[in-house]
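Asks: Turn this into a model:
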Amino acid sequence: MSARNLRGRDNKTQLTIALIWPIDTRVSLVGRILTGIQKYIASENEHEIKLLVETFNNEDGINTVKGLRTSNLFNGAIIANTTEKNEELIHSFVPDVPIVLFNRFSSLYSVIHANNYEAGKAVADHFIKNKHQKVVILVPDVSSQALKSGLAGITGRFDEEQDTSIKYLKRYCPYTEQGGYDSIQALVREKYIPTAIICLSDHVALGALSALNDEGISVPNNCEIIGFDNQEFSKFTNPKLSTVNLPVEDMAYSAGKMLVRKIFDPYSPIESDTFNLSIIHRETTKK
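Replies: Predicted coordinates:
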């Protein structure tokens with residue numbers, strides 16, 4: 001597998017890059033990341049690049065990925081969706097190959113990240129302008145730097161707004177449709193009917209939307225709802241889900257390009273590429 005100095009067709013350098021991915025509930029994003037990386041590989045004319053997917057168990061830790069400690073499995077790696085514990089681990093030893101972190105911040109490694117904090121503020125602004133007083137924030141119970149940053153943007157913006165009667169309630173739930181559904185049903189049983197729901201995952205939003213429909217709560221007339229990530233299914237819900245667009249494919253394309261640069265120049269300065277997020281208003285939010 002070691003291909004650092006091999007030559008293939010047309011005398012091109014052959015490389016193997018890895019996507020390192022934890023085995024958890026966020027698997028729905030892996031297809032979009034692979035699509036972005038493959039688009040970059042298809043556009044690459046100077047090198048022949050093969051893509052390898054390496055998974056690991058979050059409980060065992062990212063340091064169990066052997067390819068990070070030896071250069072004979074792959075030439076470099078994109079690491080995505082790490083927990084905070086595994087982010088600490090990856091900063092506690094020096095990998096034997098160049099790495100790029102996906103949607104994370106780091107002072108040691110090159111990164112591709114999104115303005116999750118600013119996106120959170122923009123979402124909060126929407127509900128402030130629409131004068132909501134009872135906002136529920138559904139937070140998936142996964143350890144994620146990006147998710148925590150988005151949540152901080154939302155709550156920080158609400159806390160700044162001293163001149164309104166807005167109140168928000170945070171509820172943690174599984175990163176699943178069932179998690180969103182059960183959370184809203186529990187609130188209804190408690191006689192707490194929100195006027196707006198912010199879900200930090202489209203999967204959670206899908207479940208929450210289903211619960212609102214089952215409880216006869218009109219969306220968006222009686223309750224607005226918004227998700228995060230802009231998953232493909234969000235365009236086909238009833239009503240169509242408003243969401244924050246995370247340009248996963250573009251970010252993955254950039255990550256692949258950045259990694260190949262690091263492979264050929266491993267001592268180059270740390271790079272950072274930032275992507276802005278935008279709100280897509282469909283049918284579950286009011287203009």
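Asks: For the helix or strand of the chain with the lowest mean pLDDT, buried residues please.
Replies: None of the helices or strands of the chain scores lower by mean pLDDT, DSSP states H and E than helix 84-90, at a mean of 89. Counting neighbours by 16 or more other CB atoms under 10 Å, one finds that the buried residues in helix 84-90 are 86-87, 89-90. Where C-beta positions appear, they are placed from N, C-alpha and C, glycine not excepted.
Asks: Taking these, tell me the two that lie furthest apart.
Replies: Farthest pair in those (CB to CB) is Glu87 and Leu89. Separation: 7.2 Å.
Asks: Might you report the residue contacts of His281?
Replies: By CB atoms under 8 Å, 6 or more residues apart in numbering, the residues touching His281 are 242, 287.
Asks: how about 10 Å then?
Replies: His281 makes contacts with 126, 220, 224, 226, 240, 242-243, 287, as judged by CB atoms under 10 Å, 6 or more residues apart in numbering.
Asks: Just give the nearest non-adjacent residue to Thr70, would you?
Replies: Nearest residue to Thr70, sequence neighbours excluded (CB to CB, 6 or more residues apart in numbering): Asp96, at 5.6 Å.
Asks: neighbours of the one you found, just the number please.
Replies: 14 (other CB atoms under 10 Å).
Asks: quick one: contacts for it?
Replies: 66-73.
Asks: From the buried residues of helix 84-90, pick the one nearest Asn276.
Replies: Glu87 (22.9 Å).
Asks: Now which of the contacts of His281 would you call buried?
Replies: 126, 220, 224, 226, 242-243.
Asks: With distance to Thr16 and pLDDT added, can I get the residues you listed in TSV?
Replies: Shown next, in TSV, are the buried ones among the contacts of His281 (distance: CB to CB, whole Å; pLDDT from 0 to 100):
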residue	distance to Thr16	pLDDT
His126	44	97
Pro220	48	98
Glu224	47	98
Ile226	40	98
Ser242	40	98
Thr243	35	98
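Asks: Of the residues you listed, which belong to strands?
Replies: Using DSSP state E, the members of the buried ones among the contacts of His281 that fall in strands are 224, 226, 242-243.
Asks: tell me, what's touching Glu87 and Leu89 both at once?
Replies: Ile62.
Asks: contact partners of stretch 184-191?
Replies: 134, 136, 138, 169, 171, 173, 192-194, 197, 199, 204, 207-212, 214-217, 223, 225.
Asks: any chance you could map the helices in the stretch 51-200 of the chain?
Replies: 84-90, 116-129, 145-160, 177-189 (DSSP state H, counting those that start in this stretch).
Asks: just the strands in the stretch 151-287 of the chain please.
Replies: For the stretch 151-287 of the chain, applying DSSP state E, counting those that start in this stretch gives strands covering 167-173, 196-199, 224-229, 242-245, 272-275, 278-280.
Asks: out of those strands, nearest to Val260?
Replies: Of all the strands of the stretch 151-287 of the chain, strand 272-275 comes closest under CB to CB, at 13.6 Å.
Asks: How far off centre is the closest one?
Replies: When C-alpha coordinates are averaged (CA atoms, centre = their mean, to the nearest Å), strand 272-275 and its chain have centres 14 Å apart.
Asks: other SSEs contacting it?
Replies: Secondary-structure packing of strand 272-275 (3 or more CB pairs under 10 Å, 6 or more residues apart in numbering; DSSP states H and E): strand 110-114, helix 248-264.
Asks: contacts for it?
Replies: So strand 272-275 is contacted by 100-101, 103, 105-106, 109-116, 118, 245-248, 250-251, 254-255, 257-258 (CB under 10 Å, 6+ apart).
Asks: repeat that with 6 Å
Replies: For strand 272-275, the external contacting residues (CB atoms under 6 Å, 6 or more residues apart in numbering) are 111-114, 247, 251, 254.
Asks: Widest-spaced pair of the contacts of Asp96?
Replies: Greatest spatial distance among the contacts of Asp96 (CB to CB): Leu68 and Asn72, at 12.0 Å.
Asks: Which residue of these two possesses the greater neighbour count?
Replies: Each of Leu68 and Asn72 has its neighbours counted (other CB under 10 Å); Leu68 has more, 25 against 13.
Asks: Could you measure from Leu209 over to Gly179?
Replies: Using CB to CB, to the nearest Å, Leu209 is found at 13 Å from Gly179.
Asks: just how off-centre is the helix or strand where Ala42 lies within its chain?
Replies: Counting by DSSP states H and E, the element that carries Ala42 is helix 30-43. Remark: helix 30-43 is offset 16 Å from the chain centroid, using CA atoms, centre = their mean.
Asks: Alright, I will stop here.
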